[in-house]
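*Asks:* Return a 3D structure for these sequence lines:
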Amino acid sequence: MGVTTGYLYKNIMQRTGFTVLSIQGYGFPVTNILYPLRELYYAGKKTARTPTEKLAATLTSGTDRSWVKHFHPGLITAMLQPFSQLQLRPELERFADGFVLCATNACQ
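*Replies:* Just a heads-up that it's a prediction; the model follows:
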């Protein structure tokens with residue numbers, strides 16, 4: 001999700017007659033920063049050509065974490081701790097990778 005996606009949808013909702021009551025971001029803001037790196041990493045893995053290869057890729061999609069087993073769990077926790085703290089900063093909420101938008105519609 002892009003940096004301003006939640007606010008883009010908020011504007012769309014307002015233009016189409018909804019009254020936006022609230023918008024709440026959630027998730028790691030850092031994922032938006034790391035998105036280009038993730039795309040580069042997975043670009044080399046997008047080699048499925050035949051339907052069988054595409055099915056195999058789909059079945060393993062989102063589950064390739066084989067590199068994680070090479071690290072001690074305490075090291076991974078220590079590496080993620082600053083990002084967890086960053087996520088709690090309210091001024092960075094708009095950079096979250098997800099959002100919940102609550103709205104009402106006058107047209108009933």
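
*Asks:* which stretches of this protein have low pLDDT?
*Replies:* 1-6, 28-30, 44-49, 62-65, 94, 106-108 (pLDDT under 70).

*Asks:* That one: helices as residue ranges?
*Replies:* For the chain, the helices defined by DSSP state H cover 5-15, 30-43, 51-59, 73-87.

*Asks:* what's the spacing between the third one and its chain's center?
*Replies:* Think helix 51-59. From the chain centre to the centre of helix 51-59 is a distance of 23 Å (C-alpha atoms, centre = their mean, to the nearest Å).

*Asks:* Check the longest one too.
*Replies:* Averaging C-alpha positions (C-alpha atoms, centre = their mean) puts helix 73-87 17 Å from its chain's average.

*Asks:* For it, buried residues please.
*Replies:* Neighbour counts over helix 73-87 (16 or more other C-beta atoms under 10 Å) mark Gln87 as buried. (Each C-beta comes from the backbone N, C-alpha and C, glycine too.)

*Asks:* Number of residues surrounding Phe95?
*Replies:* A count of nearby residues for Phe95, using other C-beta atoms under 10 Å, gives 22.
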